[in-house]
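Novice: Structure of the sequence below:
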Amino acid sequence: MAENVYFYVPNIIGYGRLLLVLLSWFYWRNPPWLIGFYMTSLFLDAINGTVARKLHQTSAFGVWLDLVVDNVGRGMLWSQIYKWGCFVSALEWCVLVCTHTAGAQWKSNYGQAPWLVKNVMSNDCKTPVGLYTAWSLHLLPLWLYAYRSGFLTAHIPGGVVYFVISVLSVGRAMCAAVELYCIWAHIQQMISSDISQKSLLREEKDQKPDLV
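Specialist: Model (predicted):
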C-alpha cells in the first residue's frame, strides 16, 4: 500500500511548525514566549530537510508546506511590526507564486542570472552569500520585533542591537534584489511563452489548406 504523504515525518514536523507560528501570534504581547515559539519553529525548519532525506520522505507537498509556514510566520511579524510590513509579506508571497510553478528544482533555473542571484541560488542556497541572505530573511523580522517590544534593549547593549539590525538589513536588502529578479524572470518567461504559443498557432493556421 502506498505511503500517505500527509503523514510523512517531515510533514508532521511542518504541521508542528505551523502550530508554533500560531502560538507565537497568540503570545504577541509576551516577547519571551513569542521568541521561544518562533525560534523553535526556525530550528525545526533547519532540521526538516535533513530528516526528510534521512527517511527518504521528501515530497513536493513537504517543500510547499515549509515555504507556506515560513511566509505565514514572517508575514505575521512584518504586518504587526510596521504598517508597511504587509508589502514585505506581499513580495515574499509573490516570489513563492513565481518560483513554485517551476517545481522543486526552481533554484537551478538561475545559472545565467546576475552574480548575486546566481550565488545566492547555487548549491541550494548553501553558499556563504546564500546562507547570509537566507538567515537575514528569517531573522530580521524577529530581531525587529524583539527590539520594538523592548526585549532586546533590556538584555543587550544598544550598540550590539543596532549593529545586528544593520547586518541583517543589508542581507535582507540583498534578498529583496534576488526576489525582484525572480519576479521579473517569471514575467519574462510568461511573456515569452505567450509569444511562442501565438506564433505556433499562426504557423498551424498558415499550414492548413484553404477549403474552397
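
Novice: Could you grab the helix/strand/coil label for the residue nearest the centre of the chain?
Specialist: The chain has Leu67 as the residue nearest its centroid, 5.4 Å off, counting by C-alpha atoms, centre = their mean. Following DSSP: H, G, I helix; E, B strand; the rest coil, we place Leu67 in the helix state.

Novice: quick one: it from Tyr132, how far?
Specialist: Shown here: Leu67 relative to Tyr132, a distance of 19 Å by C-beta to C-beta, to the nearest Å. Any C-beta I mention is one placed from the backbone N, CA and C, and that applies to glycine too.

Novice: Ok, Ile195 next?
Specialist: Ile195 sits 37 Å away from Tyr132, going by C-beta to C-beta.

Novice: before we move on, what about Tyr82?
Specialist: Using C-beta to C-beta, Tyr82 is found at 23 Å from Tyr132.

Novice: So these two - more neighbours on which side?
Specialist: Neighbour totals were compared for Tyr82 and Tyr132, and Tyr132 leads with 18 against 14 (other C-beta atoms under 10 Å).

Novice: Give me the local confidence score for that one.
Specialist: On pLDDT, Tyr132 comes in at 96.

Novice: Setting the sequence-adjacent residues aside, check what's closest to it.
Specialist: Of all residues not flanking Tyr132 in the chain, Gly171 sits nearest, at 5.0 Å (C-beta to C-beta, 6 or more residues apart in numbering).

Novice: which element is the one you found on?
Specialist: Assigned by DSSP states H and E, Gly171 falls within helix 158-207.

Novice: if we can go back for a sec, next up, the contacts around the residue nearest to the centre of the chain.
Specialist: Leu96, His100 (C-beta atoms under 8 Å, 6 or more residues apart in numbering).

Novice: Per-residue pLDDT of it, please?
Specialist: The score at Leu67 is 94. That number is its pLDDT.

Novice: Val5 against Phe61, yeah?
Specialist: Yes: between Val5 and Phe61 there is a contact under C-beta atoms under 8 Å: 5.4 Å.

Novice: Need the overlap of contacts for these two.
Specialist: Asn11.

Novice: give me the number of residues near the residue nearest to Val5 when sequence neighbours are not counted?
Specialist: Closest residue to Val5 apart from its sequence neighbours, by C-beta to C-beta, 6+ apart: Ser59 at 5.0 Å. Residue neighbour count, defined by other C-beta under 10 Å, stands at 16 for Ser59.

Novice: Leu55 now?
Specialist: 11.

Novice: how far away is Ala113 from Gln188?
Specialist: According to C-beta to C-beta, Ala113 and Gln188 sit 12 Å apart.

Novice: which of these two has more neighbours?
Specialist: For Ala113 versus Gln188, the count of surrounding residues by other C-beta under 10 Å is larger for Ala113: 17 against 10.
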